[in-house]
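Student: Provide a 3D model corresponding to the input given below.
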Amino acid sequence: MTDEEVAAFLAQERVVACATHGPRGWPHLMPLWYVLRRDEIWAWTYAKSQKARNLERDDRATLQIEAGDRYEELRGVMIEAHTSIHREPEVVAELGGEIYQRYGVGALGDAFMEAVRAQAAKRVALQFVPSQVASWDHRKLHGVY
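Tutor: Numbers count the residues shown, from 1 in each chain. A predicted model of the protein is given here:
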């Protein structure tokens, strides 16, 4: 995919699979809702989650967003990233509001944002800064496979 196609794909899709290094050396793979901020993926998770603990030990993550049901439709993006963990309640709450707005969860009025702020106290914001990006789009193969 071109850079423009990657950006459009990431803006369109809704779930990122996030792989971190688990405590026993095995990959730990979990889905996340996300938002795009420039060329970075941002997500939030509970501060005590396994993925947050893994990223505290080792900031490397591999992200994958994919789509397609049949082989000739498969497309996706894999991102190797270093992760910054943000714990400031206002940063986490702002991100939570962005995520909920993107996914259509609740009306972003004062009462709803108060609930998001309450959740933010238990969560962290994950900023995935890409170091390598790979993409594929089998639709471009035109049956040559």
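Student: what does the longest helix seen in the chain contact?
Tutor: In the chain, taking DSSP state H as the definition, the longest helix is helix 89-103. Outside of helix 89-103, the residues within contact range by CB atoms under 8 Å, 6 or more residues apart in numbering are 14, 33-35, 42-44, 86, 105-106, 108, 112-113, 116-117, 119-121, 123-125. Where you see a C-beta, it was placed from the backbone N, CA and C, and this is true even at glycine.
Student: what do you get if the cut-off is 7 Å, keeping everything else the same?
Tutor: Applying CB atoms under 7 Å, 6 or more residues apart in numbering, the external contacts of helix 89-103 come out as 33, 35, 42, 44, 86, 106, 108, 113, 116-117, 119-121, 123-125.
Student: next one: stretch 9-26
Tutor: For stretch 9-26, contacts defined as CB under 7 Å, 6+ apart pick out 1, 27-34, 36, 41, 43, 50-51, 54-55, 58, 60-65, 67, 75, 77.
Student: quick one: the strands in the chain?
Tutor: In the chain, strands defined by DSSP state E lie at 16-21, 27-32, 35-37, 40-46, 60-67, 75-86, 123-137, listed in chain order.
Student: Make CSV out of these and add mean pLDDT, distance to Gln101 and mean neighbour count.
Tutor: Formatted as CSV, these follow (pLDDT from 0 to 100; distance: least, CB to CB, whole Å; neighbours: other CB atoms under 10 Å):
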stretch, mean pLDDT, distance to Gln101, mean neighbour count
strand 16-21, 98, 17, 20
strand 27-32, 98, 16, 14
strand 35-37, 97, 9, 15
strand 40-46, 97, 13, 20
strand 60-67, 98, 19, 18
strand 75-86, 98, 18, 18
strand 123-137, 98, 15, 17
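Student: And the ones you listed: which comes nearest Glu5?
Tutor: The closest approach between Glu5 and any of the strands of the chain, judged by CB to CB, belongs to strand 123-137 at 7.2 Å.
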